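Chemist: Sequence below, structure please.
(2 chains)
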Amino acid sequence: MLPALIVFVLDTLTLIAIYLIVSISLNIEYGYTGIADFGKAGAVAIGAYSIGAIPGRLLMYLLAIKGDYIMDNTKVVATINKFLQKNIAIAAAMLLLSLIVAGGLGTVFGFLASYPVARLKGEHLAIFMLAMAEAIRYVAYCYAPLVGGPYGVTVPDPFRFLAGSYRIIGISIVIIIISLGTFSYIERLTKSPLGRTLKAIRDCDIAAEVLGKDVAGYRMKIMVLSSATAAVAGALYAFYITYVSGIAYDRVDWTFWPWTIVVLGGMANNWGVALGTVTFIVMRRLIIFYKRGLEPILPFDVVWLEYILLGLTLILILMFKPEGLLPEKPIKTVELNKYKKEKSKSS
Amino acid sequence: MWVLLRDAITYSCMLILLSTGLTLTYITTKVPNFAHGEIAVIGLFVALTTLKLFGMNPYYCLPLAFLLSALASLALYKFIIKPLMNREASIDHLMIATLGYDMLIFAVLNIYADVLTRVYKIKARGFMPFKAYDFEFLGQPGVFISSILSVTLFVATLHILLTKTRFGVAMRATIENPDLASTFGVNTELVYTVSWILSGGLAGISGALLPFYFRGSPCLGFILIVPVFTASIVGGFYSIYGAMLGGAIAGLSEYLITYFVASWVGPWFLSYRIVIPLIMLALTLLFAPEGLTGIEWAEAMRVVMTKLSRIPIAKGVIR
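Modeler: Sure, this is the predicted structure:
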């Protein structure tokens, strides 16, 4: 067995990795392109619900397990987990396939949402996205066959072959690798000419349009990309806690915290957002770590104090340091002479 | 059928109170207030406290609900929106700040609910509607009468305020052009303050009437915000009368459309009421983002007619 401290550190690292994906997807959307997406929770929820609904049912069908997936959830998933424990290859394939499906559904969600989003601006867009995310959560809450409504479902665990607390090492490593991959992809993307186009669209969409950029098209593409990445983050989180319910994925956890992270770290600066994620999650974990001392004294749940503290932090940052910890910097491009030399060399 | 219509009208009245307040702050300060739903829930908890802790009829709490919600709304403007505007924050930052304030109120209400539950043993989450404590008038529940009464009173007051008083003229001038108004000696700051107080207070009254119909809970504001924004936007986000119209349309259609679709496809549809305002919101934003009062109907008709006249069959009918 691992010592509790290592588990705590690993847990923190995994949460940082998951939140890094969500925040970085919000950063390319809001920081670079200026789409004020107040419905990030919707995309994350789509990914998580797909994990709650699809892989378990699929394996149940393939293994010919009898019963109702939602009603006999614990029994069915226990049987599936026993099977996955022995067949590591199938478990890995299930993980990969579910992540692809989650990303695909996120793409569909992003595409559907992007039709109005590409044409709306500012407050109208924010209101639309917020309403959309609320509606998704509400439907999942009411429609029990999806993920069991408020009671939730357990998710098949692809890391069952790792015994006991060693499971957390395996899943942490996988999540951290995916997170770093997403980060470096978005970082490279924003350093490319596309990144500069996006900043141009954010700063003045009319000027960008005059220069021949398809503003609506770019906004749609970014929306699709951002929703797909956020959905993958939701899927990873569902696998991590092996549980999905219709009441989780609210706008506090998955819209508000990512926004706080982006504002705290510095919009349109991926390293700033990474720093913001680490600061924010560590701060939250420390509050959780120390709140046990407060619990017996107060007649209410300490989690609300955490809400107040982090909400106040956000408002104070907006007032006194709106550019964030690491402000936006101009993108460094390849020097013209060097570029010409390279071009002549290759030709 | 009458019960359904009565419920729909009561609900629309609450929406009108909420959406008018939302539009009022939007057209003066140009910030959509995402904390509006949670500010209304303050009123709900005032009503719960009056009934359960002091054993009084919840109707007595209306002034207090108005006061507390107005204070919460004023604090949002004075301590968050105004300093941010002075620092020339972008609209996105202002919106996320109101969302942050929403969370602060949410946390405070939850602390209060926890205290009520643990110290006073009062069920503060998902408590049953107060139907039993309501009075009856001509065989109708009191909340139906009182919500219609408060909306009528409020619409009349606001209309007189805006059209007949000097302050109303100043208010309209500020809405049209704040810089010009302040050059002419209008105290725009006072206008903003009054509009935020009014907005919060109305939300509080609506919130105090809510527990007669809904199961109360601190997170009711999360769900409420969707129909309220729909009402404001369908009516037209730039017009107070539009908000009233939008509240009526959104409230009635949410109830009635859900009922008719449910009687057609089956009762399972009743759970998906929230989908109706969402669809209305999406359609309005896509086709007429200026809302019903913002559309120039003559112009719209002309466009429709020219489009129709291009179709050969319709040509003969129109001419």
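Chemist: ok, how many other residues are close to the closest residue to chain A within the stretch 151-300 of chain B?
Modeler: Going by C-beta to the nearest C-beta, chain A is nearest to residue B:271 of the stretch 151-300 of chain B, at 3.7 Å. Backbone N, C-alpha and C define where each C-beta goes, glycine included. Neighbour count for residue B:271, taken as other C-beta atoms under 10 Å in any protein chain shown: 17.
Chemist: Now do the contacts for it.
Modeler: A:142-143 (C-beta atoms under 8 Å, 6 or more residues apart in numbering or on different chains).
Chemist: Can you report how many residues lie near the nearest residue to residue B:250 once chain neighbours are set aside?
Modeler: Using C-beta to C-beta, 6 or more residues apart in numbering or on different chains and skipping the chain neighbours, the partner closest in space to residue B:250 is residue B:231 (4.0 Å). Using other C-beta under 10 Å, residue B:231 has 31 neighbouring residues.
Chemist: Could you do the one 5 residues further on as well?
Modeler: The local packing count at residue B:236 equals 23, with neighbours defined by other C-beta under 10 Å.
Chemist: With residue B:83 instead?
Modeler: Residue B:83: 15 surrounding residues under other C-beta under 10 Å.
Chemist: on that earlier part again, hang on, isn't the residue nearest to residue B:250 packed against residue B:17?
Modeler: No - at 10.2 Å, residue B:231 does not count as touching residue B:17 under the criterion of C-beta atoms under 8 Å.
Chemist: Now list whatever residues contact both of these two.
Modeler: residue B:247.
Chemist: Can you give me the pLDDT of the residue of the stretch 151-300 of chain B closest to chain A?
Modeler: pLDDT, residue B:271: 73.
Chemist: tell me the SS of residue B:294?
Modeler: coil (DSSP: H, G, I helix; E, B strand; the rest coil).
Chemist: Need the nearest residue in space to the residue of the stretch 101-250 of chain A found nearest chain B, chain neighbours excluded.
Modeler: Here the stretch 101-250 of chain A gets closest to chain B at one residue, residue A:142, 3.7 Å apart by C-beta to the nearest C-beta. Leaving out its chain neighbours, the residue that sits closest to residue A:142 by C-beta to C-beta, 6+ apart is residue B:271, at 3.7 Å.
Chemist: how about that neighbour, phi and psi?
Modeler: phi -70, psi -20 (degrees, to the nearest 10).
Chemist: likewise residue A:33?
Modeler: phi -100, psi -20.
Chemist: Just give the nearest non-adjacent residue to residue B:14, would you?
Modeler: Nearest non-adjacent residue to residue B:14, counting by C-beta to C-beta, 6+ apart: residue B:206, 4.7 Å away.
Chemist: Tell me who's in contact with the one you found.
Modeler: Residue B:206 neighbours (C-beta under 8 Å, 6+ apart): B:14, B:17-18, B:40, B:43.
Chemist: List the buried residues of stretch A:157-169.
Modeler: For stretch A:157-169, a neighbour-count test (16 or more other C-beta atoms under 10 Å in any protein chain shown) marks A:157-161, A:167-168 as buried.
Chemist: Need those in a markdown table (columns: secondary structure).
Modeler: Below are these laid out as a markdown table (three-state DSSP):
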| residue | secondary structure |
| --- | --- |
| A:157 | coil |
| A:158 | coil |
| A:159 | coil |
| A:160 | coil |
| A:161 | coil |
| A:167 | helix |
| A:168 | helix |
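Chemist: Which positions in the host helix or strand of residue B:161 come out as buried?
Modeler: Assigned by DSSP states H and E, residue B:161 falls within helix B:142-164. The neighbour-count check on helix B:142-164 (16+ other C-beta under 10 Å) flags B:142-148, B:150-151, B:154-155, B:158, B:162 as buried.
Chemist: State the mean pLDDT of that helix.
Modeler: The average pLDDT within helix B:142-164 is 84.
Chemist: before we move on, what about stretch A:142-152?
Modeler: 80.
Chemist: what does it contact?
Modeler: A:49, A:52-53, A:70, A:73, A:139-141, A:153, A:243-248, B:271-272.
Chemist: Send me that stretch as PDB with only the CA atoms.
Modeler: What follows is stretch A:142-152, C-alpha atoms only, in PDB (Å, rounded to 0.1, in the frame of the first residue of the first chain):
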ATOM      1  CA  CYS A 142     -34.300  14.100 -15.400                       C
ATOM      2  CA  TYR A 143     -33.600  11.400 -18.000                       C
ATOM      3  CA  ALA A 144     -32.600   8.400 -15.700                       C
ATOM      4  CA  PRO A 145     -31.800   5.900 -18.600                       C
ATOM      5  CA  LEU A 146     -28.800   8.100 -19.600                       C
ATOM      6  CA  VAL A 147     -26.600   8.000 -16.400                       C
ATOM      7  CA  GLY A 148     -29.200   7.100 -13.700                       C
ATOM      8  CA  GLY A 149     -30.300  10.700 -13.000                       C
ATOM      9  CA  PRO A 150     -29.400  12.000  -9.600                       C
ATOM     10  CA  TYR A 151     -28.300   8.500  -8.300                       C
ATOM     11  CA  GLY A 152     -25.600   8.100 -11.000                       C
END
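Chemist: just how off-centre is it within its chain?
Modeler: Centroid separation for stretch A:142-152 versus its chain: 22 Å, with C-alpha atoms, centre = their mean, to the nearest Å.
Chemist: Quick check: residue B:51 vs residue A:143, distance?
Modeler: Separation of residue B:51 from residue A:143 (C-beta to C-beta, to the nearest Å) stands at 34 Å.
Chemist: which of those two has more neighbours?
Modeler: A count of neighbours by other C-beta under 10 Å puts residue B:51 above the other of residue B:51 and residue A:143, at 20 against 16.
Chemist: Check which helices and strands the strand or helix carrying residue B:258 sits against.
Modeler: Assessed by DSSP H and E, residue B:258 sits inside helix B:240-265. For helix B:240-265, the packing partners by 3 or more C-beta pairs under 8 Å, 6 or more residues apart in numbering or on different chains; DSSP states H and E come out as helix B:2-29, helix B:142-164, helix B:220-235, helix B:275-287.
Chemist: looking at the ones you listed, which is buried most?
Modeler: helix B:220-235 (a mean of 27; mean count of other C-beta atoms under 10 Å in any protein chain shown).
Chemist: Format the CA atom coordinates belonging to it as PDB.
Modeler: Written as PDB, here are the backbone C-alpha positions of helix B:220-235 (Å, rounded to 0.1, in the frame of the first residue of the first chain):
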ATOM      1  CA  LEU B 220     -33.200  27.200  -7.500                       C
ATOM      2  CA  GLY B 221     -31.400  30.200  -8.900                       C
ATOM      3  CA  PHE B 222     -29.300  28.000 -11.200                       C
ATOM      4  CA  ILE B 223     -32.500  26.700 -12.900                       C
ATOM      5  CA  LEU B 224     -34.400  30.000 -12.700                       C
ATOM      6  CA  ILE B 225     -31.700  31.900 -14.700                       C
ATOM      7  CA  VAL B 226     -32.500  30.200 -18.000                       C
ATOM      8  CA  PRO B 227     -36.200  31.200 -18.300                       C
ATOM      9  CA  VAL B 228     -35.500  34.600 -16.900                       C
ATOM     10  CA  PHE B 229     -32.900  35.300 -19.500                       C
ATOM     11  CA  THR B 230     -35.200  33.800 -22.200                       C
ATOM     12  CA  ALA B 231     -37.900  36.200 -21.100                       C
ATOM     13  CA  SER B 232     -35.700  39.200 -21.300                       C
ATOM     14  CA  ILE B 233     -34.200  38.300 -24.700                       C
ATOM     15  CA  VAL B 234     -37.400  37.100 -26.400                       C
ATOM     16  CA  GLY B 235     -39.000  40.400 -25.400                       C
END
